[in-house]
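Enquirer: When you get a sec, could you give me coordinates for this:
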Amino acid sequence: MSTRQKWTIEKIMDVAANYETRSSWRKGHATTYNKAAMLGILEECCIHMTRKWGEWKYSKEQLHYHASQYDTLGDWCRHGNATYVFAKYKDKRNPGLMD
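Expert: Numbering: from 1, shown residues only. Predicted structure coming up:
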């Protein structure tokens, strides 16, 4: 008879502390990663982790400047791909950036 592990918030955070990035945690211990997401504590567990993309390279003003160089969102995506990708990803965390 197997016993199931009861994952408390403290135990989940202890496991998360062993990883440097979200992706390494998700791959290395998916059970606790998913449980943290279900409990709504994912951000708290990942506060010590580095972002895979590092620190943001562009401020909101710089992204708006780059976007203004293109007539359409599609043109910005095709020709200014790096700034578009950063803006789109950052907008998921801070809605309204790409308005």
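Enquirer: Okay, domains of this structure per the record?
Expert: Per the record, the chain has its domains at 9-45, 60-93, by automatic domain parsing.
Enquirer: quick one: low-confidence parts of this structure?
Expert: Counting by pLDDT under 70, the chain contains low-confidence ranges at 1-2, 51-57, 80-81, 90-99.
Enquirer: Repeat the analysis, applying 80 as the threshold.
Expert: By pLDDT under 80, the weakly predicted segments of the chain are 1-3, 50-60, 63, 77, 79-99.
Enquirer: Just the strands from the chain, written as ranges.
Expert: With DSSP state E, there are no strands along the chain.
Enquirer: Look up how far W76 lies from V85.
Expert: 10 Å (Cβ to Cβ, to the nearest Å). For every residue, glycine as well, the C-beta is placed using N, CA and C.
Enquirer: if you count what's nearby, which of these two comes out ahead?
Expert: W76 (21 against 12; other Cβ atoms under 10 Å).
Enquirer: Verify the stated contact: the more buried one with Y84.
Expert: Yes: judged on Cβ atoms under 8 Å, W76 makes contact with Y84 at a distance of 5.0 Å.
Enquirer: intersection of neighbour lists for those two?
Expert: A67 (Cβ atoms under 8 Å, 6 or more residues apart in numbering).
Enquirer: can you give me the helices in this protein?
Expert: Applying DSSP state H to the chain gives helices spanning 9-16, 22-28, 30-39, 42-45, 60-68, 73-79, 81-93.
Enquirer: Any chance of those helices in a markdown table with distance to T3 as columns?
Expert: Shown next, in a markdown table, are the helices of the chain (distance: least, Cβ to Cβ, whole Å):
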| stretch | distance to T3 |
| --- | --- |
| helix 9-16 | 14 |
| helix 22-28 | 22 |
| helix 30-39 | 15 |
| helix 42-45 | 24 |
| helix 60-68 | 50 |
| helix 73-79 | 51 |
| helix 81-93 | 38 |
